[in-house]
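Q: Next comes the sequence, and after it the predicted model I'd like to discuss.
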Amino acid sequence: MTDTDFMGLVKRRYSSRAYTAEKVSDEDVMAILDAGRLAPTGVNAQHVRVIAVRSEEGLAEVGRSARIFSAPLAFIVTSRPDRAWVREKFDGFNIHQIDASIVTTQMMYEATARGLGSVWICFFDPETLSESFGLEEGEVPINILAVGHRADETSRNHGVRIPMGEFARFA
């Protein structure tokens, strides 16, 4: 893959909020999971876990916590703050959410590369989600990635970006 291929992928990705009823293939699910599994984590702690929810019952349980826009697949991304790298010497900053976000980003781009839509969801009830899916003590749900075959063509914010001069500065 060239840089141009990657930039094309980045430009094609958008937050899809409408999906067909078509199921996501096993091959696609496993490739998306593998993209997340291969993501880097601080000091290679690999504390991030993913629950792939495909059953009607499971999707209904996710739906009790969050709006997943009728997606036929939802990945619940969790982390273990007690196992993540911490910037102890300076301010005690724990990178567990960053690690989970890198995992989710790689999964999101793999879904896009496979012609699927996705939307990253952070507006959910973590307590209900934790109870519904039996998260372990210390395991924290970070986000949900809803995935499926798109029923929309774009989102209201797709391609809307601030100018480079506002985004970056050189020192």
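A: Arrived safely.

Q: And the spatially most central residue of the chain, how far from Ile32?
A: Centroid check for the chain by CA atoms, centre = their mean gives Thr104 as the closest residue, at 3.1 Å. Thr104 sits at a distance of 10 Å from Ile32 (criterion: CB to CB, to the nearest Å). Glycine gets a C-beta too; all of them are placed from N, C-alpha and C.

Q: hmm, back to that, need the nearest residue in space to the residue nearest to the centre of the chain, chain neighbours excluded.
A: For Thr104, ignoring the flanking residues on the chain, the nearest one in space by CB to CB, 6 or more residues apart in numbering is Val77 at 5.1 Å.

Q: Given the strand or helix carrying the one you found, what are its sheet partners and their directions?
A: In this structure, Val77 sits in strand 73-79 according to DSSP states H and E. When pairing is defined by DSSP bridges, strand 73-79 lines up against strand 49-53 (antiparallel), strand 140-148 (antiparallel).

Q: tell me the mean pLDDT over that strand?
A: What strand 73-79 shows for mean pLDDT is 98.

Q: joint contacts of Thr104 and Ile32?
A: Phe75 (CB atoms under 8 Å, 6 or more residues apart in numbering).

Q: avg pLDDT for the lengthiest helix in the chain?
A: Assignment by DSSP state H gives helix 96-113 as the longest helix of the chain. The predicted model assigns helix 96-113 a mean pLDDT of 98.

Q: Can you check what angle separates the lowest-mean-pLDDT helix or strand in the chain from helix 96-113?
A: Ranked by mean pLDDT, DSSP states H and E, the helix or strand of the chain with the weakest confidence is helix 3-12, at a mean of 85. Between the axes of helix 3-12 and helix 96-113, defined by axes from the mean of the first three to the mean of the last three CA atoms, to 10 degrees, the angle is 100 degrees.

Q: Residues touching the next helix or strand after helix 3-12, excluding its own?
A: Downstream of helix 3-12, the first helix or strand assigned by DSSP H and E is helix 26-37. Contact partners of helix 26-37, identified using CB under 8 Å, 6+ apart, comprise 48, 50, 52, 54, 73, 75, 77, 103-104, 106-107, 109-111, 114, 116, 147.

Q: how about a cut-off of 6 Å?
A: 50, 103, 106-107, 110-111, 114 (CB atoms under 6 Å, 6 or more residues apart in numbering).

Q: buried stuff in that helix?
A: 28-29, 32-33, 35-36 (16 or more other CB atoms under 10 Å).

Q: Can you give me the pLDDT of Asn157?
A: Looking at Asn157, the pLDDT reads 74.

Q: If you could redo that for Ile51, that was the one I meant.
A: We have a pLDDT of 98 for Ile51.

Q: do Gly134 as well
A: For Gly134, the predicted pLDDT is 98.
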